[in-house]
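J.: heads up, no residue letters with this:
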């Protein structure tokens, strides 16, 4: 376990040594601000309600399309391209250590970002402003849902980073997959029967929706955790396959 | 014990489809040996090293490193070794000290041991001036030293270095080989290269591979003797002692006629004719060559006998690779 942490620590520091962490956190905060106050129906002020539900409309999208692909694209692809993976893996660490270390680091950065977005509800409803009595229930469940969605998305990103030697390729495939998993919920009304069931089963949007309303859906928890586990197993297998190629 | 076997491979093979990168390689390396692993590019050196360090899996045969099986106990194998892959692929965003600490943590050294070892490797590898610098800002020579330092940080009994000198300038090379000799005093070192001078400088033993197979393995002197040939260089002036002119073809034919000469090769020369006369190792042609020159009235400018250079042996042994490359590129 300590090796996992050593790898995660190195990885996390490299996020902050490069621009990635600042681009991700800064860009997300900026995007969230624009969305929250300005865009769509005139923004937060027009709705005139003590709610940050708008955040949970924005976050899943920005995470899927930008943040998670950005955070995971380098993880293994870059190490394979530059050869540093060879040095890492020939130290006494297991492939599982490597995958979990990278996963933890990416999740760590996502958590930093999520923590930063907490500034919105805090600033508006606790200190320095008190714009009303905020119902914190949906805020926490929304964050929990966002966390689960990220856990699954980071797994998917690592899997693509493990099979690709190019960061760009890893980025696009991850973004594409996550966006697809997300928007697929929007087309469910055009289908009927089992197809519709399957679509709403795999759609991140359908799975995420209850969390934004304050519900913790246990099936969604299991679903996101399964996606993450499956993706990590895939990444592990793909890393291991170097031996036999 | 000086006879401990530290690395042992038995029919080690690695195939990529039909292509055999490593073809039934067997050898042993003992404690305290510095072995040069030689071969042309693509001969299977790196692949063999990657198998020994458990980065790749062999498709056939077995190997043991420090007594650990490369299939059964890969962690044991990796704990026993320090490995420097080709071109020293390090994390460029880390500083030298951070990198060494990272390597030490993955090797499970405690802080006190790390400090002690770090002081030691920093001194051996000459890194004191650059400890705080990001690796990305260092020259190739320094990166190579950092690579060596991380391989030494846990004081491993075995070092595997893949072309550690390929990116270095001549001064750095000489220095690096000097470190290696110091390090190799109490360790087993396996170093791959295609540069023979390095082997002559740093190693007592060489394993030569070509097209995935071992073509020679032994002490350098033995390998050199293996081809069993000796060259005698003869230079004859273009004008004879009497002042008449001498033709190159005439000299060549006469040299080839000397009993014991197996081959005559013309060498470039100006105003004179220069030849390499090859003979069996136990034959000394010099007396006969001198007599020949006297009889013909040639002006003998040079007469020297030299054991065949390692370079020639190497070329003889690995020529198949070169030919194969040409055939492929011609096709």
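T.: Alright, I've got the coordinates. Keep in mind that this is a model prediction, so the values were computed, not measured.
J.: So for the helix or strand hosting residue B:13, what gets flagged as buried?
T.: Secondary structure assignment for residue B:13, by DSSP states H and E: strand B:5-16. For strand B:5-16, a neighbour-count test (16 or more other CB atoms under 10 Å in any protein chain shown) marks B:6-9, B:12-14 as buried. C-beta here means a position set from N, CA and C on the backbone, and glycine is covered the same way.
J.: Could you tell me which strands that strand is paired with, and in which direction each runs?
T.: For strand B:5-16, the paired strands and their directions (DSSP bridges) are strand B:19-30 (antiparallel), strand B:60-65 (antiparallel).
J.: ok so, going back, any chance of the buried residues of strand B:5-16 in JSON lines, plus pLDDT and distance to residue A:185?
T.: Shown next, in JSON lines, are these (pLDDT from 0 to 100; distance: CB to CB, whole Å):
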{"residue": "B:6", "pLDDT": "94", "distance to residue A:185": "60"}
{"residue": "B:7", "pLDDT": "95", "distance to residue A:185": "57"}
{"residue": "B:8", "pLDDT": "95", "distance to residue A:185": "59"}
{"residue": "B:9", "pLDDT": "96", "distance to residue A:185": "56"}
{"residue": "B:12", "pLDDT": "95", "distance to residue A:185": "53"}
{"residue": "B:13", "pLDDT": "95", "distance to residue A:185": "52"}
{"residue": "B:14", "pLDDT": "94", "distance to residue A:185": "48"}
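J.: residues contacting the residue positioned nearest the centre of chain A?
T.: Centroid check for chain A by CA atoms, centre = their mean gives residue A:150 as the closest residue, at 2.6 Å. Residue A:150 makes contact with A:63, A:68, A:107, A:110, A:114, according to CB atoms under 8 Å, 6 or more residues apart in numbering or on different chains.
J.: mind running it again at 10 Å?
T.: By CB atoms under 10 Å, 6 or more residues apart in numbering or on different chains, residue A:150 lies in contact with A:59-60, A:63-64, A:67-68, A:71, A:106-107, A:109-111, A:113-114, A:157, A:224, A:228.
J.: now residue B:189
T.: B:6, B:29, B:32-36, B:82, B:158-161, B:164, B:180-181, B:183, B:202-203.
J.: A helix includes it, no?
T.: No - Residue B:189 is assigned strand when assessed by DSSP: H, G, I helix; E, B strand; the rest coil, not a helix.
J.: List the contacts of residue B:295.
T.: Each residue near residue B:295 by CB under 10 Å, 6+ apart is listed here: residue B:254.
J.: before we move on, which element is it in?
T.: helix B:286-296.
J.: where does that helix sit relative to the chain's centre, distance-wise?
T.: 39 Å (CA atoms, centre = their mean, to the nearest Å).
J.: likewise stretch A:78-96?
T.: 24 Å.
J.: First residue to last residue on it, what's the distance there?
T.: With CA to CA, to the nearest Å as the measure, stretch A:78-96 spans 18 Å from end to end.
J.: check which helix or strand covers the closest residue to residue A:215 other than its chain neighbours.
T.: The shortest distance from residue A:215 to any non-neighbouring residue, by CB to CB, 6 or more residues apart in numbering or on different chains, is to residue A:141 (6.5 Å). Using DSSP H and E, residue A:141 maps to helix A:136-163.
J.: Just the buried residues of that helix, please?
T.: A:138-139, A:141-143, A:145-146, A:148-163.
J.: try stretch B:62-79
T.: Buried-residue list, stretch B:62-79, by 16+ other CB under 10 Å: B:63-66, B:68, B:70, B:73-74, B:76-79.
J.: Count the residues that sit near the closest residue to chain A within chain B.
T.: Of all residues in chain B, residue B:89 sits closest to chain A, at 3.4 Å by CB to the nearest CB. A total of 19 residues lie near residue B:89 under the criterion other CB atoms under 10 Å in any protein chain shown.
J.: mind listing the strands for the stretch 1-150 of chain B?
T.: Along the stretch 1-150 of chain B, counting by DSSP state E, counting those that start in this stretch, strands occupy B:5-16, B:19-30, B:34-38, B:60-65, B:68-69, B:81-84.
J.: now the ones you listed as a markdown table including distance to residue A:127?
T.: As requested, those are exported to a markdown table (distance: least, CB to CB, whole Å):
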| stretch | distance to residue A:127 |
| --- | --- |
| strand B:5-16 | 63 |
| strand B:19-30 | 65 |
| strand B:34-38 | 67 |
| strand B:60-65 | 61 |
| strand B:68-69 | 60 |
| strand B:81-84 | 54 |
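J.: Chain neighbours aside, what residue packs nearest to residue B:51?
T.: residue B:58 (4.9 Å).
J.: shaky segments in chain A?
T.: A:40-43 (pLDDT under 70).
J.: mind redoing it with 90?
T.: Chain A contains residues with pLDDT under 90 at A:1-2, A:17-20, A:31-55, A:57-58, A:120-121, A:123-135, A:182-203, A:205-206, A:213, A:242-245.
J.: Tell me how many other residues surround the residue of it found nearest chain B.
T.: When scored by CB to the nearest CB, chain A has residue A:83 as its residue closest to chain B, at 3.4 Å. Residue A:83 has 15 neighbouring residues, counting by other CB under 10 Å.
J.: just to revisit the earlier point, residues contacting the residue of chain B closest to chain A?
T.: A:79, A:81-88, B:143, B:147.
J.: Which among these count as buried?
T.: Applying 16+ other CB under 10 Å to the contacts of residue B:89 flags A:79, A:82, A:84-88, B:143, B:147 as buried.
J.: Name the helix or strand for the residue lying farthest from the centre of chain B, please.
T.: Centroid-distance maximum for chain B: residue B:242 at 48.9 Å, with CA atoms, centre = their mean. Assessed by DSSP H and E, residue B:242 sits outside every helix and strand.
J.: Does stretch B:131-138 reach chain A?
T.: Yes - counting by CB under 10 Å from any CB of the partner chain, chain A is contacted by stretch B:131-138 at residue B:134.
J.: List the buried residues in that stretch.
T.: Across stretch B:131-138, burial judged by 16+ other CB under 10 Å covers B:134-135, B:138.
J.: Just the helices from chain A, written as ranges.
T.: A:2-17, A:20-37, A:44-47, A:55-62, A:68-72, A:77-82, A:84-89, A:95-117, A:119-125, A:136-163, A:167-183, A:193-202, A:204-212, A:218-240 (DSSP state H).
J.: export those helices to a markdown table and tack on distance to residue B:237?
T.: Converted to a markdown table, the helices of chain A look like this (distance: least, CB to CB, whole Å):
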| stretch | distance to residue B:237 |
| --- | --- |
| helix A:2-17 | 69 |
| helix A:20-37 | 73 |
| helix A:44-47 | 100 |
| helix A:55-62 | 86 |
| helix A:68-72 | 75 |
| helix A:77-82 | 58 |
| helix A:84-89 | 58 |
| helix A:95-117 | 69 |
| helix A:119-125 | 92 |
| helix A:136-163 | 69 |
| helix A:167-183 | 67 |
| helix A:193-202 | 90 |
| helix A:204-212 | 89 |
| helix A:218-240 | 68 |
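J.: mind checking which of those helices is nearest residue B:210?
T.: helix A:84-89 (24.1 Å; CB to CB).
J.: Please look at residue B:316 and residue B:224 and confirm they touch.
T.: No - judged on CB atoms under 10 Å, residue B:316 makes no contact with residue B:224 at a distance of 11.1 Å.
J.: These two: which is more packed in?
T.: Taking neighbours as other CB under 10 Å, residue B:316 and residue B:224 compare with residue B:224 leading, 23 against 14.
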